[in-house]
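Asker: 3D, please:
(2 chains)
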Amino acid sequence: MPNLKDLKNRIASVKSTRKITKAMQMVAAAKLRRAQDAAEAARPYAERMASVMGGLAASVGSSEGAPRLLAGTGSDKVQLVVVMTSERGLCGGFNSTIVRLARMRINTMLANGKTVKIITVGKKGREQLRRDYANLMIQHVDLTEVKRVGYANAADIAATVLSRFAADEFDVATIFYNRFQSVISQVPTAQQIIPAVFETEGDAGGDATLYDYEPSEEAILEDLLPRGIATQVFTALLENAASEQGARMSAMDNATRNAGEMIDKLTIKYNRSRQAVITNELIEIISGAEAL
Amino acid sequence: MADLMQFDLVSPERRLASLKANSVQIPGADGDLTAMPDHAPMITTLRPGVLRVNGPDGTSAYFVTGGFADVSGPTATILAERAMPVAEVTSEIMDELIKDAEAKRSGAADNAVDTAAKFLADLIAARDEIKIGTTAS
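Answerer: Okay, here's the model as predicted:
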């Protein structure tokens, strides 16, 4: 039976923990808002980009001279895996879900005899993956210093991926991130970026406008594909940022609630033991008086 | 009013402008062009330069570093890598861009030197144009 002093200290410490988690929850809520706004603001660009690229890819894609970024190298021997996670912890299962999905895919690839190379973005994913795949990791992108992810960060990541592709270091690139669905649900997603894939959402019949291309279709596609990849990376980064804050918010909400329950329990225990001490003292006094 | 078109300027990070315009002057990769309502559908890449929008409420100018334009009938959408109103362009931003471009050109592989050099030349031209524009107005 812990004594009264210990219990009191426990209660005080849990109370201050609750204060911290509560504050973190509120900070995460504010940041989530900002992250969602940023994701919202980036949507028109990404959508436009995807539709134009989809159209271009459909008309050029099948021809002989299609860019390598679109057509691929014709093999899928070497797989590049870009795992995007957060820089900070205390965000529930956010990082673990991404890493779990990535690990599953990596294991399948390895089992199929593919060569896997890993680039990690964000410290938490690196820490988790390093245990199993330390020898496969070729690069780490550090975003610790970045307060707010901008297009420049995405462009940098895309540039390193592209230069590795140009140097024939891999055949297929896939990015892993968490797609934001709501505060309580984020969906770990794997998205192939090289060779580029576009969702053709019923475009075939509807949008049959014939465009003039200046310069040529191929030249535009050549110029757009790297941008398209950067845009996809950027979208993923933004989704990730929103998901991270959402996950942190609900994790901290749970923590706050648990702390509250714990405080209640400890308080009851504290009061009981205090009562027991008083009763004990009374018994001692009474029995002492009776003995006289 | 039949002589207006929907003009949108979006960068990866946000939508910069969305308004009705009479005509849009676009710095295309193969030369400047002006899009007016009912322009034939076309897609062109951009070079660094100044984008001018003539609307019922006057003219606005934006500095863009690259991207592409999607013009089709009643709409003109510019997807710019980096864009800002000309009034907000400072010589520091310009100098930084030019410095980056210079570094890129000197570091470029043989087959990319031309592109990098052209990018740099376009940037310098755009800087001169903006300087002239700001002093004149």
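Asker: mean confidence score for the helix or strand that residue A:241 is a member of?
Answerer: Here residue A:241, judged by DSSP states H and E, is contained in helix A:217-291. Averaging pLDDT along helix A:217-291 gives 92.
Asker: with stretch A:167-186 instead?
Answerer: 90.
Asker: so which bits of the stretch 1-150 of chain A are right by chain B?
Answerer: Residues of the stretch 1-150 of chain A found near chain B (Cβ under 8 Å from any Cβ of the partner chain) are A:38, A:41, A:42, A:44, A:45, A:46, A:48, A:49, A:52, A:56, A:150. (Each C-beta comes from the backbone N, C-alpha and C, glycine too.)
Asker: other SSEs contacting whichever strand or helix holds residue B:70?
Answerer: Residue B:70 belongs to strand B:67-73 when assigned by DSSP H and E. For strand B:67-73, the packing partners by 3 or more Cβ pairs under 8 Å, 6 or more residues apart in numbering or on different chains; DSSP states H and E come out as helix A:4-60, helix A:217-291, strand B:23-28, strand B:39-46, strand B:75-80.
Asker: how about those, which one is nearest residue A:77?
Answerer: Nearest to residue A:77 among those is helix A:217-291 (20.5 Å), distances taken as Cβ to Cβ.
Asker: anything in the closest one near chain B?
Answerer: Yes - interface with chain B: helix A:217-291 contributes A:219, A:220, A:223, A:224, A:227, A:230, A:231, A:234 (Cβ under 8 Å from any Cβ).
Asker: tally of neighbours for the second one?
Answerer: Which is residue A:220. Residues near residue A:220, counting by other Cβ atoms under 10 Å in any protein chain shown, number 22.
Asker: tell me the residues of chain B that contact chain A?
Answerer: B:8, B:10-15, B:28-30, B:40-45, B:67-68, B:70, B:72, B:77, B:79, B:81-82.
Asker: mind giving me the ChimeraX select for those, buried ones only?
Answerer: Restricted to buried positions by 16 or more other Cβ atoms under 10 Å in any protein chain shown, the ChimeraX selection for these reads:
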select /B:8,10,11,12,13,28,29,42,43,44,45,67,68,70,72,77,79,81,82
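Asker: re the thing from before, other residues contacting the strand holding residue B:70?
Answerer: Outside strand B:67-73, the residues that touch it by Cβ atoms under 8 Å, 6 or more residues apart in numbering or on different chains are A:48, A:52, A:209, A:211, A:220, A:223-224, A:227, B:24, B:26, B:28, B:35, B:37-39, B:41-46, B:76-81, B:83.
Asker: sheet-wise, list the partners of that strand with their directions.
Answerer: According to DSSP bridges, strand B:67-73 forms sheet pairs with strand B:39-46 (antiparallel), strand B:75-80 (antiparallel).
Asker: dump the ones you listed into a markdown table; add distance to residue A:240 and mean pLDDT as well.
Answerer: Below are the strands paired with strand B:67-73 laid out as a markdown table (distance: least, Cβ to Cβ, whole Å; pLDDT from 0 to 100):
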| stretch | distance to residue A:240 | mean pLDDT |
| --- | --- | --- |
| strand B:39-46 | 29 | 88 |
| strand B:75-80 | 23 | 89 |
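Asker: could you dump those strands to a markdown table with distance to residue A:190?
Answerer: As requested, the strands paired with strand B:67-73 are exported to a markdown table (distance: least, Cβ to Cβ, whole Å):
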| stretch | distance to residue A:190 |
| --- | --- |
| strand B:39-46 | 30 |
| strand B:75-80 | 26 |
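Asker: mind checking which of these is nearest residue A:188?
Answerer: strand B:75-80 (28.9 Å).
Asker: thought residue A:237 was touching residue A:86, still the case?
Answerer: No - contact criterion Cβ atoms under 8 Å: residue A:86 and residue A:237 do not qualify, at 10.8 Å.
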